[in-house]
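Participant: Compute the structure for the input listed below.
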Amino acid sequence: MKKKLPKMLGNETVALNRRARHDYEIADSLEAGLVLTGSEVKSLRSGGAQIAEAYASIDTSRGGDSEAWIYGMYIPPYKPATYNNVDSRRKRKLLLHRAQINKLIGQSAQKGYTLIPLKLYFTGGRAKLEIGLAKGRATHDKRRAIADREMKRDLARESR
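Facilitator: Prediction:
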């Protein structure tokens, strides 16, 4: 008997970029849809995707039209699929409104800002990617953030 894949209809997280909030200061985040093939969606439902090494970019080479793309996101090949499997690290188009793309172009043009994926999840049966506008943190800023977090944890412990 064929094994059925679990249905992800709620807000189930497929992949999380935990290093993003440590390495970057997140200024803004937004939700984007993804253009995927059928075997990629089935592979996402079974898990195993990685977004830690991925980044997003706005391609403005097509005249007035701009498109958002995600590079380096790993979706493992779906084993039962035969000829439909595509490259596991191919670039994938992000589905955003024109106003959102224009806003991201303006914000990411500032010095030091980049677009990074934060979370990959399903909402209502559709794969979504949360991307963040981020600025890299220096080492001393990372240490300060860790110290602040530990101090808050200690205060919470003492207040209990």
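Participant: Just confirm residue 112 contacts residue 134, I think it does.
Facilitator: No. Judged on CB atoms under 8 Å, residue 112 makes no contact with residue 134 at a distance of 9.2 Å. For glycine as for every other residue, the C-beta is placed from the backbone atoms N, C-alpha and C.
Participant: what about the helices in the chain?
Facilitator: 18-23, 38-46, 98-108, 139-159 (DSSP state H).
Participant: what is the most centrally placed residue in the chain paired to in the beta sheet?
Facilitator: Geometric centre of the chain, nearest residue: residue 117, 2.5 Å, by CA atoms, centre = their mean. Counting by DSSP bridges, residue 117 forms beta bridges with residue 131.
Participant: Show the model's pLDDT score for it.
Facilitator: In this prediction, residue 117 carries a pLDDT score of 94.
Participant: what does residue 58 give?
Facilitator: Residue 58 carries a pLDDT score of 89 in this model.
Participant: Okay, it and residue 48: tell me how far apart.
Facilitator: 28 Å (CB to CB, to the nearest Å).
Participant: What is the burial count for residue 17?
Facilitator: 22 (other CB atoms under 10 Å).
Participant: and it, what is it in contact with?
Facilitator: For residue 17, the contact set (CB atoms under 8 Å, 6 or more residues apart in numbering) comprises 51-52, 54, 116-119.
Participant: So which of the residues you listed is the closest to residue 106?
Facilitator: Proximity of these to residue 106 (CB to CB) peaks at residue 116, which lies at 17.5 Å.
Participant: Pairing partners for the closest residue in space to residue 128 that isn't next to it in sequence in the sheet, please.
Facilitator: If the residues on either side of it in the chain are set aside, residue 128 comes closest to residue 31, at 5.3 Å by CB to CB, 6 or more residues apart in numbering. Taking DSSP bridges as the rule, residue 31 bridges to residue 130.
Participant: Need the pLDDT of residue 31.
Facilitator: Looking at residue 31, its pLDDT reads 94.
Participant: distance of it from residue 144?
Facilitator: Using CB to CB, residue 31 is found at 30 Å from residue 144.
Participant: what's the pLDDT at residue 18?
Facilitator: If you check residue 18, the pLDDT there is 88.
Participant: Give me the spatial nearest neighbour of it, chain neighbours excluded.
Facilitator: Nearest to residue 18 is residue 52, by CB to CB, 6+ apart, at 7.8 Å.
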